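K.L.:
Quick one: sequence plus predicted model below, questions after.
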Amino acid sequence: MRIDVVTIFPEYLEPLNVSLVGKARAAGRLDVRVHDLRGWAHDRHNTVDDTPYGGGPGMVMMTGPWGEALDQTLADGYEAGARQPVLVVPTPSGRPFTQAVAAELSARPWLIFTPARYEGIDTRVTAEYATRMPVHEVSIGDYVLAGGEAAVLVITEAVARLLPGVLGNAQSHADDSFAPGPMASLLEGPVYTKPPAWRGRGIPDVLLSGHHGKIARWRRDEAFRRTVEHRPDLIEQADPAAFDKKDREMLSILGWQAGPDGRFGRNPDAMEE
Ligand SMILES: C[S@@+](CC[C@H](N)C(=O)[O-])C[C@H]1O[C@@H](n2cnc3c(N)ncnc32)[C@H](O)[C@@H]1O
């Protein structure tokens, strides 16, 4: 996969040299190029922003430098043999970045990121490139950062670990929280490692039983517990067909029941107890 990032803070992307993403780059699975947007500014102050039309606080990033930067980045990528670019625009007003979006992006051969600063980029830039390639406007959460570089780090790491050969054990992302699949999206439950006793705390017997079926069931039950507590919306939205008999028993123990449409919700009687 090729990744281009255009930013006014190239040094902010240094963590892409470290750990999983750094190793994927060193192994040649990921080709990351970071470009300084100010290289496409034309005045002696390297200006890339101006006041907003309509007034108001803050500055807006100008079309000119972004247009030239993206044209050049695309031309260089095509020249090097990259194909099918996707523009990824971090913005708090984008659609939520989820594991499903990470999986979608990990299937693309070339991502171009446009992390912004100030009040964001003049909207005409995304409108222009949307005529040439898919554009994903994505938010990494319901909060506002000062710039999109941290979002690029988040998205790149989530995408890179899904690339073939990047994680030592491919099964580990199949078991992750939010892993897509027929079993419904649940949070991963608790995990343990050696030693078996620490400060008077042991580990659940079932994990020592060697019984794979029982361990899988325990993990799934714990995933239900965690999901009900932290992200009940995931259960409410889940297709009930994803729940087997044991799942339904567990949900019932946790105080959930199927409504008239088959979807699960908290049992109001259980909540009063
Ligand atoms: C100060 S923010 C602009 C916020 C903008 N005025 C708004 O309210 O939508 C500057 C830049 O940081 C990045 N950014 C901030 N919060 C983000 C988030 N939650 N997800 C993705 N990018 C974010 C985007 O690149 C954004 O253009």
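P.N.:
Ah, there it is.

K.L.:
Identify the residue spatially nearest to Y192, adjacent ones excluded.
P.N.:
I203 (4.5 Å; C-beta to C-beta, 6 or more residues apart in numbering). Placement of C-beta: from N, CA and C, glycine included.

K.L.:
Help me confirm that P57 is found in a helix?
P.N.:
No - counting by DSSP: H, G, I helix; E, B strand; the rest coil, one finds P57 to be coil, located in no helix.

K.L.:
Helices of the stretch 151-273 of the chain, start to end?
P.N.:
For the stretch 151-273 of the chain, applying DSSP state H, counting those that start in this stretch gives helices covering 171-174, 212-230, 232-237, 245-253, 268-272.

K.L.:
What count of nearby residues applies to G28?
P.N.:
Using other C-beta atoms under 10 Å, G28 is surrounded by 7 other residues.

K.L.:
In contact with it, which residues are there?
P.N.:
In this structure, G28 makes contact with no residue, judged by C-beta atoms under 8 Å, 6 or more residues apart in numbering.

K.L.:
Identify the residues contacting the residue in the chain that the ligand sits nearest to.
P.N.:
Relative to the ligand, the nearest point of the chain is G148 (2.7 Å; C-beta to the nearest ligand atom). Residues in contact with G148 (C-beta under 8 Å, 6+ apart) are 7, 89-91, 113-117.

K.L.:
Return the per-residue confidence for it.
P.N.:
At G148, the pLDDT value in this model is 98.

K.L.:
For it, grab phi and psi.
P.N.:
phi -90, psi 0 (degrees, to the nearest 10).

K.L.:
Report the separation between it and A103.
P.N.:
Per C-beta to C-beta, to the nearest Å, G148 is found 21 Å from A103.

K.L.:
what's around the residue nearest to M62 when sequence neighbours are not counted, how many residues?
P.N.:
Nearest residue to M62 in three dimensions, chain neighbours excluded: D50, at 5.4 Å (C-beta to C-beta, 6+ apart). For D50, the count of nearby residues is 14 (other C-beta under 10 Å).

K.L.:
got it, and the one 10 residues further on?
P.N.:
Other residues near V60 number 19, with proximity taken as other C-beta under 10 Å.

K.L.:
who does it bridge with?
P.N.:
Counting by DSSP bridges, V60 is bridged to D50.

K.L.:
That one and H136, how far apart?
P.N.:
Taking C-beta to C-beta, one finds V60 at 21 Å from H136.

K.L.:
Would you mind listing what in the stretch 101-250 of the chain touches the ligand?
P.N.:
115-117, 119-120, 139-141, 143-148, 151 (C-beta under 6 Å from any ligand atom).

K.L.:
Can you tell me which of those are buried?
P.N.:
Buried subset of those (neighbour count, 16 or more other C-beta atoms under 10 Å): 115-117, 120, 139-140, 147-148, 151.

K.L.:
As CSV, those with distance to H173 and secondary structure would be great.
P.N.:
Below are those laid out as CSV (distance: C-beta to C-beta, whole Å; DSSP: H, G, I helix; E, B strand; the rest coil):
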residue, distance to H173, secondary structure
P115, 25, coil
A116, 29, coil
R117, 32, coil
G120, 32, coil
S139, 22, strand
I140, 18, coil
G147, 28, coil
G148, 25, coil
A151, 20, helix
